[in-house]
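In: What would the 3D arrangement of this be:
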Amino acid sequence: MKVNYQERIDLTADELKIILSQQRTIPNKQKIQALYWLKAGASESLTDVAERLGVHRITVHRWLKQYIAGGLPELLKIRQATGRPRVIPSAVIAGLSQKLSEESCDFKTYKEIGQWVEDNYQVSVKYQTLHKQLHYRMKANLKEPKPLSNEEAQEASIELEKAKKNCSK
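Out: Modelled structure (predicted):
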C-alpha cells in the first residue's frame with residue numbers, strides 16, 4: 001500500500017525550503033530535508049529518503065511521526081541527551097573545586113581527597129573515578145608531585161618550602 005506523504009505534510013515545498021535554509025544544526029537540517037523531499041516528490045518512499053540522508057528508514061519514520069503529532073515545533077525540539085548520571089554529584093564537584101582553589105589546601109594524594117569527600121559529603125568514590133574527575137575534567141594538580149626517589153623527594157620538599165616562603169612575603 002502506497003502512502004501519500006505529500007498530503008500529510010501541511011507546509012508547502014517553498015516554506016520548507018526557507019525553513020531548511022534557517023536551520024543551524026545538522027540533525028534539524030536532515031529532518032527538514034526529509035520533509036522537503038517527501039513534499040516536493042523528489043523521493044517516493046521513506047527508504048529512499050533514508051538512503052539519501054544516510055540514516056535508517058525507522059529514523060525517518062520517527063521524524064514523520066513527530067511532525068504529524070506535534071507539527072514543526074515538536075520535530076525541531078532539542079531534547080536533552082539521556083544517559084547515566086555522574087557518580088560524583090555536582091555539589092561534591094563544586095565543593096572540591098572550591099577546596100582545591102584555597103591556599104590552605106594541602107592534599108598530597110588522591111586518597112586524601114577521597115577521604116575528605118567521604119568525611120564531608122558521605123559519598124564513597126573510587127580512586128580511579130576521583131582521579132579522572134580531578135586530573136582530566138577539572139585539570140587540577142596536587143600541590144606536591146609524587147617523588148621518584150628519596151633524593152628527589154628531599155629536593156622537592158626544599159623547593160616547596162622555598163615557594164611557600166616566597167608566597168608568604
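In: Would you list the phi and psi of the spatially most central residue of the chain?
Out: When Cα atoms, centre = their mean is applied to the chain, the residue found nearest the centroid is A81 (8.2 Å). Dihedral pair for A81: phi -70, psi 130, per degrees, to the nearest 10.
In: repeat for the one 3 residues further on
Out: R84 adopts backbone torsions of phi -70, psi 140, taken as degrees, to the nearest 10.
In: Next, count neighbours for it.
Out: Number of residues near R84 (other Cβ atoms under 10 Å) recorded here: 5. (Each C-beta comes from the backbone N, C-alpha and C, glycine too.)
In: swap in the one 4 residues further on?
Out: Here the neighbour count serves as a burial measure; for I88 (other Cβ under 10 Å) it reads 20.
In: And for Q133?
Out: 20.
In: For it, which non-adjacent residue is closest in space?
Out: Spatial nearest neighbour of Q133, chain neighbours left out: I88 (5.6 Å); criterion: Cβ to Cβ, 6 or more residues apart in numbering.
In: for A91, same thing?
Out: Y121 (7.2 Å).
In: wait, what's in contact with the one you found?
Out: P89, A91, V92, G95 (Cβ atoms under 8 Å, 6 or more residues apart in numbering).
In: Check what contacts the host helix or strand of Q33 and list those residues.
Out: Assigned by DSSP states H and E, Q33 belongs to helix 26-40. Helix 26-40 has contacts (Cβ under 8 Å, 6+ apart) with 5-6, 9, 11-13, 16-17, 19-20, 23, 42-43, 46, 49, 52-53, 55, 60, 63-64, 67, 75-76.
In: Just the C-alphas of that helix, formatted as PDB.
Out: Below are the C-alpha coordinates for helix 26-40, written out as PDB (Å, rounded to 0.1, in the frame of the first residue of the first chain):
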ATOM      1  CA  ILE A  26      22.700  19.100  11.100                       C
ATOM      2  CA  PRO A  27      20.000  16.900  12.600                       C
ATOM      3  CA  ASN A  28      17.400  19.600  12.100                       C
ATOM      4  CA  LYS A  29      18.600  20.200   8.500                       C
ATOM      5  CA  GLN A  30      18.200  16.500   7.900                       C
ATOM      6  CA  LYS A  31      14.700  16.400   9.300                       C
ATOM      7  CA  ILE A  32      13.500  19.400   7.200                       C
ATOM      8  CA  GLN A  33      15.300  18.000   4.200                       C
ATOM      9  CA  ALA A  34      13.400  14.700   4.600                       C
ATOM     10  CA  LEU A  35      10.100  16.600   4.700                       C
ATOM     11  CA  TYR A  36      11.100  18.700   1.700                       C
ATOM     12  CA  TRP A  37      11.900  15.700  -0.400                       C
ATOM     13  CA  LEU A  38       8.700  14.000   0.500                       C
ATOM     14  CA  LYS A  39       6.600  17.100  -0.100                       C
ATOM     15  CA  ALA A  40       8.300  18.000  -3.400                       C
END
